[in-house]
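S.K.: Sequence plus the predicted model coming up.
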Amino acid sequence: MPVALALVLLLPAAGLGQVPAPPSGVAAVVARYGLRPVEPPVPAREIGLPKLGGGRMALSDFAGRWVVLTFWATWCGPCRSEMPSLERLHRNREAAGVSVLGVSVDRAAAPAERFVEQYSLSFPNLWDDRGAAASEYRAQSIPLSYLIDPVGRVVGVSVGARDWLALQPMVDELVALVPPTDAESPEYEIADGPLELPRTFEPPTAEAVLVIDTWGGSGDGASVEVDEPFSVEVRVRWAGHFEDYLLHPPRILLPEQIEQADITASTRSADGRNMVVYRVDLEARQPGSYALNPIELIYTPRTESEAISSRVEGPTVVVTEATLWGAQPMTWLAAGGGLMAFMAAGWALGRRARSRRSAAAAGESNDYLELRGRLDAARRSRLEGDLRRAGLDLALLERDLIELAPSSDGGLDVEVARAEIDRLIEGARYGGYTPTREELDAIERRVARRVSEMEEDPRQAAREALRLRNQES
């Protein structure tokens, strides 16, 4: 539901027929700075909410000004990242007729008030106590920003967190095209339902389910013992294509008594909808009842450059004291299985060590053999049609190769290469992203070249020994 949003808004009019259309240059300015123009513009909706710190305030209190109306939440990472730039924009342009108005969609006002104090926000902030404003402004995902002019027309939409200080020239151009005015503005529109926009998208939705692989059961309120592993599955769904969104691993606001161990992801499609299932492995250190809340779902639309986040309600887990002699039979079986697994792992590690010693004795390169095996495995995945797995394995291999020899590619910008590889790894591992065949061709060529450079020349040792003897004589 609610989400921390950034909205650049102009105050609403009762109807578009009552005010002249904005200059055609407005849409061009909005598009040039990477926002989506709204053509034709639509009237903005009036909102009146409690003000953090006391009192009430309405959007109409800023009539005649350009307004940056920012919906946010304390748990939203992208919202936190853009707050300092919104504060700078407010301080730099308030005298020029541009106002910033924040709206918190947190469940309680107290965390939002602490947030305002922590970030030293001087612009006014409201509390959307019932979620009505977020619903009217389609703020299911955030940050989401609307541009509106001084007579109440929504002229642009911004998706994702932005550096609003860098957008200050855009604001200046808009102020020049539609100057703020002291004249009385029309009444702001009051209507049922969300704002009608010519361009909308269906964002991903998700549900979170508690999963316990023992006698504790599963589902909200199920029980688990102290130090017993359990999981939360975050099941993300959306219509369209897998490529429409790049998903990022979700974040869970965990109590200090709960620790996160690992996170994995799997993908599938059903009923025309795509699904990515994140399994977050957790452990509890103290008994008690813990709400695993909220869960922050983060994704980047393919048409945008910045991430968006939305909130998913998490389950509650009941943690009890650990038992030993009164443990269920399955617990004993699990313990026995763990011992067997430990013994098997020790045997496998010993065998692997012996194998590596044999390879070294034969003059072979352990690094080369391991890297070559990983390259062959990625190629097999590609031949079998699993392009996502092939891309992930190749990207992981290339990242390791860059760490081993960061300068082997001459003019390669290592930092840029690492960032691109990390993007591919995160997309394939957590976002259901499948690289194109052209992308696979390029990365496979780079990896194969680097791996071949790691192969030892069997005659190199003899040549080196001869060189040392010549030096000694």
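M.R.: That came through fine. Residues are numbered from 1 along each chain as shown.

S.K.: I'd like the average pLDDT over stretch 438-456.
M.R.: Per-region confidence: stretch 438-456 scores 82 on mean pLDDT.

S.K.: just stretch 112-120 next, same as before
M.R.: When pLDDT is averaged along stretch 112-120, the result is 92.

S.K.: got the CA positions of it in CSV?
M.R.: Once side chains and other backbone atoms are set aside, the C-alpha atoms of stretch 112-120 remain, and they are given as CSV (Å, rounded to 0.1, in the frame of the first residue of the first chain):
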residue,chain,number,x,y,z
ALA,A,112,7.9,10.3,10.5
GLU,A,113,8.5,13.1,13.0
ARG,A,114,11.9,11.7,14.0
PHE,A,115,12.7,11.3,10.3
VAL,A,116,12.0,15.0,9.6
GLU,A,117,14.2,15.9,12.5
GLN,A,118,17.0,13.5,11.4
TYR,A,119,17.1,15.0,7.9
SER,A,120,16.6,18.6,9.1
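
S.K.: Tell me how far residue 54 lies from residue 86.
M.R.: 22 Å (Cβ to Cβ, to the nearest Å). Just so you know, the C-beta spots here come from the backbone N, C-alpha and C atoms, and that holds for glycine as well.

S.K.: more neighbours, those two?
M.R.: Applying other Cβ atoms under 10 Å to residue 54 and residue 86 shows that residue 86 carries more neighbours, namely 26 against 6.

S.K.: separation between the more buried one and residue 263?
M.R.: From residue 86 across to residue 263, the span is 31 Å (Cβ to Cβ).

S.K.: Can I get stretch 211-228 as PDB, trimmed to CA atoms?
M.R.: Backbone C-alpha positions of stretch 211-228 (Å, rounded to 0.1, in the frame of the first residue of the first chain) are rendered in PDB as follows:
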ATOM      1  CA  VAL A 211       7.900 -20.900   5.700                       C
ATOM      2  CA  ILE A 212       9.100 -23.300   8.400                       C
ATOM      3  CA  ASP A 213      10.500 -26.700   7.300                       C
ATOM      4  CA  THR A 214       9.900 -28.500  10.600                       C
ATOM      5  CA  TRP A 215       6.900 -29.300  12.900                       C
ATOM      6  CA  GLY A 216       6.300 -25.600  13.600                       C
ATOM      7  CA  GLY A 217       4.100 -25.400  10.500                       C
ATOM      8  CA  SER A 218       3.900 -22.500   8.100                       C
ATOM      9  CA  GLY A 219       2.000 -19.300   7.700                       C
ATOM     10  CA  ASP A 220       1.400 -16.200   9.800                       C
ATOM     11  CA  GLY A 221       1.900 -16.800  13.500                       C
ATOM     12  CA  ALA A 222       3.600 -20.200  13.100                       C
ATOM     13  CA  SER A 223       6.200 -21.100  15.700                       C
ATOM     14  CA  VAL A 224       9.900 -21.900  15.500                       C
ATOM     15  CA  GLU A 225      12.600 -22.600  18.100                       C
ATOM     16  CA  VAL A 226      15.500 -20.300  19.000                       C
ATOM     17  CA  ASP A 227      18.400 -20.800  16.500                       C
ATOM     18  CA  GLU A 228      16.100 -22.900  14.300                       C
END
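
S.K.: and that stretch, how far out from the chain's middle?
M.R.: Relative to the centre of its chain, stretch 211-228 is centred 28 Å away, using Cα atoms, centre = their mean, to the nearest Å.

S.K.: Just the buried positions in that stretch, please.
M.R.: Residues 211, 212, 214, 216, 222, 223, 224, 225, 226, 228 are the ones in stretch 211-228 that count as buried (16 or more other Cβ atoms under 10 Å).

S.K.: Can you check what pLDDT the model gives residue 129?
M.R.: The pLDDT attached to residue 129 in the predicted structure is 87.

S.K.: before we move on, what about residue 83?
M.R.: At residue 83 the predicted local confidence, pLDDT, stands at 89.

S.K.: can you pull the contacts of it?
M.R.: Residue 83 sits next to 72, 119, 121 when contact means Cβ atoms under 8 Å, 6 or more residues apart in numbering.

S.K.: top of those residues by neighbour count?
M.R.: Neighbour counts for the contacts of residue 83 were taken using other Cβ under 10 Å; the highest belongs to residue 72, with 32 neighbours.

S.K.: Hmm, residue 144 and it touching each other?
M.R.: No - taking Cβ atoms under 8 Å as the definition, residue 72 is not a contact partner of residue 144, at 10.6 Å.

S.K.: Can you tell me how far residue 139 is from residue 129?
M.R.: From residue 139 to residue 129 the distance is 14 Å (Cβ to Cβ).

S.K.: between those two, which one's more packed in?
M.R.: Comparing residue 139 with residue 129 by other Cβ under 10 Å, the one with more neighbours is residue 139, at 29 against 15.

S.K.: can you give me the mean pLDDT across stretch 170-189?
M.R.: If you average the per-residue pLDDT over stretch 170-189, you get 82.

S.K.: Find out how far it is from the centre of the chain, if you would.
M.R.: With Cα atoms, centre = their mean, you get 35 Å for stretch 170-189.

S.K.: what about that stretch, how long is it end to end?
M.R.: Stretch 170-189 has an end-to-end distance of 26 Å (criterion: Cα to Cα, to the nearest Å).

S.K.: Direction included, what does the host helix or strand of residue 57 pair against?
M.R.: Using DSSP states H and E, residue 57 sits within strand 56-58. The sheet places strand 56-58 alongside strand 48-50 (antiparallel), with pairing taken from DSSP bridges.

S.K.: centre of the chain versus the strand it pairs with, how much separation?
M.R.: With Cα atoms, centre = their mean as the basis, the mean position of strand 48-50 lies at 30 Å from the chain mean.

S.K.: All further residue positions should be reported with the first residue as 30.
M.R.: Sure, I'll start numbering at 30, so the last one becomes strand 77-79.

S.K.: tell me which residues in that strand are buried?
M.R.: Neighbour-count burial for strand 77-79 flags residue 78 (criterion: 16+ other Cβ under 10 Å).

S.K.: just the helices in the chain please.
M.R.: Read by DSSP state H, the chain holds these helices, from start to end of the chain: 54-61, 106-122, 138-147, 161-165, 197-206, 358-390, 395-412, 416-433, 443-459, 466-483, 489-501.

S.K.: Can you point out the buried residues in the fourth one?
M.R.: It stands for helix 161-165. For helix 161-165, a neighbour-count test (16+ other Cβ under 10 Å) marks 162, 163, 164, 165 as buried.

S.K.: do stretch 289-309 as well
M.R.: Neighbour-count burial for stretch 289-309, counted by 16+ other Cβ under 10 Å, picks out 292, 294, 296, 303, 304, 305, 306, 307, 309.

S.K.: for the stretch 330-479 of the chain, what are the low-confidence residue spans?
M.R.: For the stretch 330-479 of the chain, the stretches with pLDDT under 70 are 331-335, 353-395, 435-442, 459-461.

S.K.: Next, the contact list for the residue nearest to residue 239 when sequence neighbours are not counted, please.
M.R.: Excluding the flanking residues, the one nearest residue 239 by Cβ to Cβ, 6 or more residues apart in numbering is residue 344, at 4.0 Å. Contacts here follow Cβ under 8 Å, 6+ apart; on that basis residue 344 touches 237, 238, 239, 248, 249, 250, 261, 320, 321.

S.K.: about what we covered before: let me have the buried residues of stretch 289-309 in TSV, extended by distance to residue 411 and pLDDT.
M.R.: Supplementary listing: the buried residues of stretch 289-309 in TSV, determined by distance: Cβ to Cβ, whole Å; pLDDT from 0 to 100:
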residue	distance to residue 411	pLDDT
292	26	87
294	20	80
296	17	71
303	22	72
304	24	80
305	22	84
306	24	86
307	25	88
309	30	91
